[in-house]
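[1] quick one, structure for this:
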Amino acid sequence: MFGSQTLFWFDGAILIWAGFISSLALVIYNLVSNNLVSDYTKFNEELKEASKAGQLSHADLLNNYGTRQLELLDLARFAYGQFSILVTFTFVAGFITHALGGFIMRSFAEDIPGILKVSTISFVVLGK
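    Numbering: from 1, shown residues only. As a prediction, this is how the structure comes out:
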């Protein structure tokens, strides 16, 4: 990466992490978030309809809605708890990739072969 030297393995690992794994992690995080939001929106609509129909005066039905709400909140807590570490690492890897790519392109752009320029720029773009 630096001149005629081969690609340093740690830089390559950071570039691959930031380029591919970060993209996949953020896609999965957004899919989980959208699914939770749509399920909770449907639940709220059902709750509004039941309230308008006067069905919330029945204790069993009210307990059922309360149980469903707790299940949705537990699922959200689990999903966001598991993905928060991954999203933090992807942010850090993306930041390192951005700084590393800027340093490489400003300092060594004349000495880098064409294929390494293309791969470095593509990983930086994917990591953002």
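[2] helices and strands of this protein: which one has the lowest mean pLDDT?
    helix 9-16 (a mean of 66; mean pLDDT, DSSP states H and E).
[3] show me what the helix or strand where residue 44 lies packs onto, helices and strands only.
    Assigned by DSSP states H and E, residue 44 belongs to helix 22-53. Packing contacts for helix 22-53, counted by 3 or more C-beta pairs under 8 Å, 6 or more residues apart in numbering; DSSP states H and E, involve helix 59-108, helix 114-127. All C-beta atoms are positioned from the backbone trio N, CA, C, and that covers glycine.
[4] could you dump these to a markdown table with mean pLDDT?
    Converted to a markdown table, the helices and strands packed on helix 22-53 look like this (pLDDT from 0 to 100):
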| stretch | mean pLDDT |
| --- | --- |
| helix 59-108 | 78 |
| helix 114-127 | 70 |
